[in-house]
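Q: Structure, please.
(chains A and B)
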Amino acid sequence: MQAMINKHFLIKVGMILGTVWFIWFANGHFDEYTVRILNNIAIFVILAVSYNLINGVTGQFSLEPNGFVAIGAYVTALLLISPDAKSYQYAIADPYPFVMTLQSNFVVALLLSGLLAMLLALVLSFPVFRVRGDYLAIVTLGFGFIIKILAINHPEVTNGSLGLNDIPEFSNLYWTGGLAIVAVVVILNIVNSKFGRAMKAVRDDEDAAIAMGVNTFKAKTLAFCTSAFFEGVGGGLLAALLTSISPDLFDFFFTFQLLIIIVLGGLGSTTGAIIGTVLVMGGSEWMRFLDEPMNLFGYETTAMPGMRMVVFSLVLIFIMLFAREGVMGKRELTDLFKSRKKGGK
Amino acid sequence: MILKIENVTKNFGGVSAIKETSFSVAPKEIFGLIGPNGAGKTTMFNIITGNYEPSSGSVIFRNEVLNGLKPHHIVRKGIARTFQNIRLFSSMSVLDNVLIGFDFQVRYGFLESIIRFPRFLSEEKRIKTRSMEILDYFGMSAFAHEKAVDLSYGQQRKVEIARALATNPELLLLDEPAAGMNPSETEELGELIKKARVDFDLTVLVIEHDMKFVNQLCDKVLVLDYGKTIFEGKPADAIQDPEVIAAYLGDFHND
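A: Numbers count the residues shown, from 1 in each chain, chains lettered A, B, ... in the order given. So this is what the prediction gives:
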């Protein structure tokens, strides 16, 4: 037993060290385009593992990421943009004075982004988790739209549909990759504790969980708030990577993309969410040629922007019909190293 | 008396599932709740566990009124249950199923689990050892890492009882534990429950249809019919009682 724990521990440490080495290597050796893709993948790993916590592990169907990511992105952007840059970009309305004076460093900005998202998640939890059913999906879908509309209609803070520009580009592979490791480790530690067990119990059978003395409201709220925190942080990283953000960036499509990722990776598997991110984000770059004009056996097609999305939607339908478990099912990567004494069903 | 049910009535719309029922269960007793289908037995369980609020009357456990408490608080007072149709956590291992029973007894916080404090590790070790002991008691420790749904029906029953015992109850409610079992499995389960009563210091309240099983197991029975008590006493006397026979077989004399 002890030897097995040590073996698992060593595999985990090995994986983390391997990732750290890869980040260091990629930063020095890869071209700018590849590093940018890796940055995107790292941020989406953060978002996917946290989205999977509420959707896959706890089994509460939710459509929240775009709302919390938007909050994180705007908070970080407002805290990072220099007063100088702020003074000339508000074109629709004059900014509130407090908008001009808000300033902080990157760490505080990311932390506040996460905390604000978490606080909003906590407020949403009370009406949503007191009742059972798919209310969470409806409420979080609406929440995403509300955030977008608020961003458009409050140009004094957000510069409306023009968005915020000249965000200092603080995000680099060390930040995005490092925080991705932190997010994965934190979420795996939660999943492998009594809190994670309670979340899985809620997913499998909520009544039975209650009959075991589990406070299911608390389990759901913890999962939702943790998700929101990392989505806020991810949003902040995204803002500091893209250097400009606008409300259109955070529409429902954003959530849909994450949904494809976690379903493809296997709902409920944290390492599956990572694999899903790499497949979808990598595949999305690889399939760029689909959006462009193509020469099919001598027949010229015109450019079809969005063709990649059609492919992804088809992939999602295919998974739902034929491979519900996704790549990993509910297993984790480390489970594959377990020596199985008996052939399970 | 460890459990007292005082004048409990439960109405669903215009239908009374339970009418003015009272009974008491003594410590360490195995008390049978029997009666034909629709007699209100499971409703009574759901009232004791807090899933239903009684329309009137009160449930008193160790001199404390339980009315109005949430189900997960009632578990923490020392009342655990199993379900009529087995409800294990299907995606989790047998061990994890039992570990869930320790959920509220584990003393580490959310941040401690994230940073893996020493207390996290020692607490996890403590409950894992304890869970394996309970599984071992039921002869199930060999299956600890199997998925619960991959086990046979009888084994799943045992895991469900083991999981309920993990909450460290004083009162164990068993909802038709012998349902779907063959006679030899039923007898074995009966002996196991009797043994567990001594080893885990339990009082047991059991719903059952199988009268042979009830006879073997219970010290005392309460027979319900259409929500009313028609008999209370020794199981051997219950099967002689004309009213009980009438409830089960129909009343031939008046027809």
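
Q: Tell me where the stretch 201-345 of chain A has strands.
A: Per DSSP state E, counting those that start in this stretch, the stretch 201-345 of chain A carries strands over the ranges A:295-296, A:299-300.

Q: who wins for proximity to A:T334 among these?
A: Proximity to A:T334, assessed across the strands of the stretch 201-345 of chain A by CB to CB, is greatest for strand A:295-296 (43.8 Å). (C-beta placed from N, C-alpha, C; glycine too.)

Q: Just checking: what are the partner strands of that closest one?
A: Strand A:295-296 pairs in its sheet with strand A:299-300 (antiparallel), by DSSP bridges.

Q: about what we covered before: any idea which of the strands of the stretch 201-345 of chain A has the lowest pLDDT on average?
A: Across these, strand A:295-296 has the smallest mean pLDDT, namely a mean of 74.

Q: who does the most centrally placed residue in chain B bridge with?
A: Computing the C-alpha centroid of chain B and ranking residues by CA atoms, centre = their mean puts B:L173 first, at 1.7 Å. Beta-bridge partners of B:L173, counted by DSSP bridges, are B:R81, B:L205.

Q: Nearest residue to the closest residue to chain A within the stretch 101-250 of chain B in space, ignoring adjacent ones along the chain?
A: The nearest approach of the stretch 101-250 of chain B to chain A comes at B:S113, 3.5 Å away (CB to the nearest CB). Closest residue to B:S113 apart from its sequence neighbours, by CB to CB, 6 or more residues apart in numbering or on different chains: A:S193 at 3.5 Å.

Q: Kindly report the same for B:P27.
A: B:I2 (4.7 Å).

Q: count of neighbours near that neighbour?
A: 20 (other CB atoms under 10 Å in any protein chain shown).

Q: Equivalent analysis for A:P305, please.
A: With neighbours defined by other CB under 10 Å, the count for A:P305 comes to 9.

Q: hang on, it packs against A:P293?
A: No. The criterion here is CB atoms under 8 Å, and A:P305 misses it with A:P293 at 11.0 Å.

Q: Show me which positions of stretch A:71-79 end up buried.
A: Of the residues in stretch A:71-79, A:71-79 count as buried by neighbour count, 16 or more other CB atoms under 10 Å in any protein chain shown.

Q: out of these, which one sits closest to B:K19?
A: Ranked by distance to B:K19 (CB to CB), the buried residues of stretch A:71-79 are led by A:I71 at 54.9 Å.

Q: before we move on, which element is that closest one in?
A: In this structure, A:I71 sits in helix A:65-80 according to DSSP states H and E.

Q: Extract the CA atoms of the longest helix along chain B and return them as CSV.
A: If you go by DSSP state H, chain B has its longest helix at helix B:118-137. C-alpha atoms of helix B:118-137 as CSV (Å, rounded to 0.1, in the frame of the first residue of the first chain):
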residue,chain,number,x,y,z
PRO,B,118,-0.4,16.7,7.9
ARG,B,119,-3.8,16.6,9.5
PHE,B,120,-5.3,15.9,6.0
LEU,B,121,-3.0,12.9,5.6
SER,B,122,-3.6,11.5,9.1
GLU,B,123,-7.3,12.0,8.9
GLU,B,124,-7.5,10.3,5.5
LYS,B,125,-5.4,7.4,6.8
ARG,B,126,-7.7,7.1,9.9
ILE,B,127,-10.9,6.9,8.0
LYS,B,128,-9.4,4.6,5.3
THR,B,129,-8.3,2.2,8.0
ARG,B,130,-11.6,2.4,9.8
SER,B,131,-13.5,1.8,6.4
MET,B,132,-11.4,-1.2,5.6
GLU,B,133,-12.2,-2.6,9.1
ILE,B,134,-15.9,-2.2,8.5
LEU,B,135,-15.6,-3.8,5.0
ASP,B,136,-13.6,-6.6,6.5
TYR,B,137,-16.3,-7.2,9.1
